[in-house]
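# Quick one: sequence plus predicted model below, questions after.
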Amino acid sequence: MKVGVFSKEKLSQPGLQVVIRGLFIILFVLAIVLRVLAYPIETSDYTGFVSQWYNFIQTHGGFAALKYNFANYNPPYLYLLAIATYLPVPALTAVKTISVAFDIVLGIFTYLILSLKYKHSSAAIIGVLVVLFAPTIFINGAAWGQCDAIYTAFCLGSLYFLLTDRPAWACVFFGLALSFKLQAVFFLPVLFVLLLRRRLPLQYLVLIPLVFLLMLAPAFIAGRGAASLLTIYVNQASNGGGAVQVVKEGQPNGGNGQVMNGGGGQFTGKGPAKGQREVRIGGPGGGQLNGGKAFAGANGSSSPFTADAPSWYQWLSATAPGYWEWVGIGLAALLVAAVSALVWASKQQLTTELVLKITLAFAIVIPFLLPEMHDRYWYLADVVSIVYAFYFPRLLFIAVIMQLCSLLSYAPYLINIEIVSLALVACAVLMIAVITLTDLVLTLYPRLRKGTPEQSTKDAAEESTVV
């Protein structure tokens with residue numbers, strides 16, 4: 001018999017399940033109501049970027065506007081904005097409703113993944129509520145107006161299909177995730193590991209670029225050039241997520257260009273000369289919210305290598321040389337290679353629990369090592385750590401600390417206050433990264449565990465759901 005907060009015996013009693021389901025309906029409605037109450041909040045990311053994208057689409061014929069290069073996001077998110085412009089709702093409401101809708105999708109895949117372990121209890125329902133009420137999940141979409149729930153929902157969907165041995169759908173959903181945001185690459189090593197262990201057939205990987213290209217097709221049909229579409233993520237990486245100048249395809253001077261920048265940007269009437277790159281200045285971030293009004297606040301980070309991200313770059317001085325970026329990239333590559341090699345060499349079966357441990361390890365450690373990360377880039381880790389806590393109740397503290405670290409990283413932008421030094425927050429992230437990686441290694445190589453052979457056998461028996 002298992003003992004723990006989420007033990008099957010405690011949560012499978014018929015009477016208790018009825019009560020939990022009734023509470024679920026009430027709390028689910030409350031989660032939606034609280035999100036709607038946060039709708040009036042505006043940040044400079046919204047006023048300086050998303051609202052301008054929305055207005056541009058609205059004033060240029062809806063989907064017809066997609067032929068212009070007016071935003072630095074990949075087109076799939078712009079498609080959702082374009083659909084919303086045809087509805088009789090205010091722009092702010094439309095933008096946030098898109099994000100909130102994917103909060104619900106996150107909840108659905110959380111339920112499905114937890115149901116693989118808790119088939120006859122209400123733990124999966126409780127897990128949905130925990131995700132919906134998690135502070136960073138709530139704030140990200142309903143208050144901040146960000147759309148990280150979209151790519152994360154598709155990553156969680158990809159994970160679910162991997163766990164249920166449906167590799168084609170797993171690749172399709174990852175392709176969708178990557179189509180919405182480049183941060184989906186934090187999940188990519190999971191696919192690579194399963195490929196090494198021959199749990200993901202190589203031929204299905206073609207679905208990822210195929211889905212990605214299909215998601216670009218509407219913008220291409222609308223008239224935007226292929227080169228412009230295929231280099232969006234390249235430009236994001238090289239310009240730090242900056243704003244973009246509107247370029248009218250096919251005109252020598254780019255038509256009536258508009259430089260849009262939240263807090264400090266300019267509006268110009270001329271586009272770049274033919275053959276020149278679009279002008280990019282600044283990027284989302286550096287603002288705060290206060291009473292529903294947007295301000296251009298200061299970035300809380302003292303490091304030039306990170307934007308309020310609790311990564312190891314917080315420990316470097318503002319004058320650190322640029323080669324440290326390559327150090328971080330190299331460390332991240334080595335980490336992925338090392339974990340992949342350990343998984344490949346291990347004789348342990350790829351159980352559901354083991355795949356979850358691999359997923360969380362990558363979701364925490366990769367953004368910790370990479371340069372130019374933002375405060376929101378642990379969103380995938382925020383969600384996966386909650387699922388992880390339900391599978392491993394003894395490690396519940398990892399989800400709690402992960403939520404606190406992300407929340408403290410949000411503060412410099414949202415309220416213009418660094419509540420706790422981000423250098424200290426980075427120490428906390430490093431701590432849970434080490435714990436997560438250590439637990440993963442001990443699961444892959446149980447003989448390294450301290451204790452009796454009986455204890456090792458017991459630990460292995462609790463992680464025996466084969467993918």
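Structure's in. What do you need?
# list the contacts for Leu182?
Leu182 sits next to 74, 233, 236-237 when contact means C-beta atoms under 8 Å, 6 or more residues apart in numbering. Glycine gets a C-beta too; all of them are placed from N, C-alpha and C.
# Whichever of the residues you listed end up buried, select them in PyMOL.
For the buried members of the contacts of Leu182, the matching PyMOL selection, counting by 16 or more other C-beta atoms under 10 Å, is:
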select buried, resi 74+236
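# And the furthest pair within the contacts of Leu182?
Asn74 and Ala237 (12.6 Å; C-beta to C-beta).
# follow-up on the earlier one: could the contacts of Leu182 go into JSON lines alongside secondary structure and distance to Val336?
Output for those, formatted as JSON lines (DSSP: H, G, I helix; E, B strand; the rest coil; distance: C-beta to C-beta, whole Å):
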{"residue": "Asn74", "secondary structure": "coil", "distance to Val336": "23"}
{"residue": "Tyr233", "secondary structure": "helix", "distance to Val336": "19"}
{"residue": "Gln236", "secondary structure": "helix", "distance to Val336": "21"}
{"residue": "Ala237", "secondary structure": "helix", "distance to Val336": "17"}
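# Turn the contacts of Leu182 into TSV, including distance to Thr443 and pLDDT.
Compiled in TSV, these are given as follows (distance: C-beta to C-beta, whole Å; pLDDT from 0 to 100):
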residue	distance to Thr443	pLDDT
Asn74	36	95
Tyr233	34	92
Gln236	35	83
Ala237	33	79
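# Any stretches of this protein with poor pLDDT?
Applying pLDDT under 70 to the chain flags residues 1-15, 239-302, 451-467.
# Which stretches in it count as strands?
Listed in chain order, the strands of the chain (DSSP state E) span 288-290, 293-295, 306-307, 373-374.
# For the last one, name the packing helices and strands.
Right, strand 373-374. Where contact means 3 or more C-beta pairs under 8 Å, 6 or more residues apart in numbering; DSSP states H and E, strand 373-374 is packed against strand 306-307.
# Looks like Phe70 contacts Tyr54 (just checking).
No: using C-beta atoms under 8 Å, Phe70 is not in contact with Tyr54, being 10.5 Å away.
# Compare the two (neighbour count), which wins?
Between Phe70 and Tyr54, counted using other C-beta atoms under 10 Å, Phe70 has the larger neighbour count: 26 against 22.
# Count the residues that sit near Arg224.
21.
# nope, Leu81 is what I meant
Applying other C-beta under 10 Å, I find that Leu81 has 24 neighbouring residues.
# same thing with the one 3 residues further on?
Each residue near Ala84 was counted by other C-beta under 10 Å, and the total is 20.
# ranges for the helices of the stretch 151-300 of the chain?
167-180, 188-196, 207-222, 226-230, 232-239 (DSSP state H, counting those that start in this stretch).
# starting at the chain centroid, how far to the fourth one?
Yep, that's helix 226-230 we're talking about. 24 Å (C-alpha atoms, centre = their mean, to the nearest Å).
# Same question for stretch 201-211.
21 Å.
# list the buried ones in it?
Neighbour-count burial for stretch 201-211 [16+ other C-beta under 10 Å]: 204-205, 207-208, 211.
# List just the nearest of those to Val105.
Val211 (16.8 Å).
# That closest one and Ala101: what is the separation?
20 Å (C-beta to C-beta, to the nearest Å).
# just Thr306 next, same as before
Per C-beta to C-beta, Thr306 is found 30 Å from Ala101.
# which of these two has more neighbours?
Using other C-beta under 10 Å as the criterion, Thr306 and Ala101 rank with Thr306 on top: 27 against 14.
# tell me the contacts of the residue nearest to that one when sequence neighbours are not counted?
Once flanking residues are discounted, Thr306 sits nearest to Tyr313: 4.4 Å by C-beta to C-beta, 6 or more residues apart in numbering. For Tyr313, the contact set (C-beta under 8 Å, 6+ apart) comprises 303, 305-306, 324, 328, 371, 373.
# biggest separation within the residues you listed, which pair?
So, those by C-beta to C-beta: farthest apart are Trp324 and Met373, at 13.3 Å.
# which one of those two has more residues nearby?
More neighbours surround Met373 than the other of Trp324 and Met373, with 23 against 16 (other C-beta under 10 Å).
# gap between that one and Leu163?
For Met373, the distance to Leu163 - C-beta to C-beta - is 27 Å.
# What of Leu414?
From Leu414 across to Leu163, the span is 34 Å (C-beta to C-beta).
# got it, and Pro189?
Going from Pro189 to Leu163 by C-beta to C-beta gives 16 Å.
# Return the distance of Arg224 relative to Thr443.
47 Å.
# Phe49 too?
Taking C-beta to C-beta, one finds Phe49 at 42 Å from Thr443.
# Apart from its chain neighbours, what residue comes closest to Leu335?
That would be Val365: by C-beta to C-beta, 6+ apart, it lies 5.7 Å from Leu335.
# what about the one you found, neighbour count?
Using other C-beta under 10 Å, the number of residues around Val365 comes to 25.
# mind listing what it touches?
Applying C-beta under 8 Å, 6+ apart, we find Val365 in contact with 332, 335, 433, 436-437.
# and of the residues you listed, the nearest to Trp144?
When the contacts of Val365 are ranked by distance to Trp144 (C-beta to C-beta), Ala433 comes first, at 24.7 Å.
# Distance check, the residue lying closest to Ile98 once chain neighbours are set aside against Ile139.
Nearest residue to Ile98, sequence neighbours excluded (C-beta to C-beta, 6+ apart): Leu80, at 5.1 Å. Counting by C-beta to C-beta, the gap from Leu80 to Ile139 is 20 Å.
# And Asp165, by the same measure?
Asp165 is 35 Å from Ile139, by C-beta to C-beta.
# out of these two, which sits in the busier spot?
When Asp165 and Ile139 are compared for neighbours, Ile139 comes out ahead with 19 against 11, by other C-beta under 10 Å.
# Could you count how many residues lie near the closest residue in space to that one that isn't next to it in sequence?
Distances taken as C-beta to C-beta, 6+ apart place Tyr410 nearest to Ile139, at 6.3 Å, with adjacent residues excluded. By the measure other C-beta under 10 Å, the count of residues near Tyr410 is 21.
# How about the contacts made by Tyr410?
With contacts taken as C-beta under 8 Å, 6+ apart, Tyr410 has the following neighbours: 136, 139, 144, 308, 375-376.
# Dump those into TSV; add distance to Gly175 as well.
Formatted as TSV, the contacts of Tyr410 follow (distance: C-beta to C-beta, whole Å):
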residue	distance to Gly175
Thr136	26
Ile139	28
Trp144	26
Asp308	30
Asp375	26
Arg376	22
